[in-house]
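**Student:** quick check, what structure comes out for this input:
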Amino acid sequence: MKKKALTNKAGHVRELTRKDIRDMKPAAEVLPAELLTVLPKRKVGQRGRQKTPTKVAITLRYSPEVVEYFKETGKGWQIRMDDALKEWIKKHPHHAA
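**Tutor:** Okay, the predicted model is just below:
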């Protein structure tokens, strides 16, 4: 049976099926050894370093009702919380004394 092309005539990749993914081979089987030696070694699901850190990781404690409110807004609630704080900063500029 002939395999269905992964791209259309315009060169756009079509949506992959479970079968497409099952049929994929590991990089070590299809890439040249020279390329494999320079690629970063990561575990499955492990992300690489951020090229330009855009946020600072800190630990905060919020009131339960604040956290609950944002969590109830669904996926991406932390971004919305960050956006709300940025909006507050715009409305309350810091004035040096």
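**Student:** so where's this structure uncertain?
**Tutor:** Along the chain, the parts satisfying pLDDT under 70 run over 1, 96-97.
**Student:** would you map the helices across it?
**Tutor:** 18-23, 27-30, 33-38, 64-71, 77-91 (DSSP state H).
**Student:** buried ones in the fourth one?
**Tutor:** Residues F70 are the ones in helix 64-71 that count as buried (16 or more other CB atoms under 10 Å). Placement of C-beta: from N, CA and C, glycine included.
**Student:** can I get the CA coordinates of it in PDB?
**Tutor:** Extracted in PDB, the C-alpha atoms of helix 64-71 (Å, rounded to 0.1, in the frame of the first residue of the first chain):
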ATOM      1  CA  PRO A  64      -7.200  31.600  47.800                       C
ATOM      2  CA  GLU A  65     -10.000  33.500  46.200                       C
ATOM      3  CA  VAL A  66      -7.600  35.300  43.800                       C
ATOM      4  CA  VAL A  67      -6.000  32.000  42.600                       C
ATOM      5  CA  GLU A  68      -9.500  30.400  42.400                       C
ATOM      6  CA  TYR A  69     -10.800  33.300  40.300                       C
ATOM      7  CA  PHE A  70      -8.000  33.000  37.700                       C
ATOM      8  CA  LYS A  71      -7.900  29.200  37.600                       C
END
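**Student:** quick one: G45 from R18, how far?
**Tutor:** Taking CB to CB, to the nearest Å as the measure, G45 falls 18 Å from R18.
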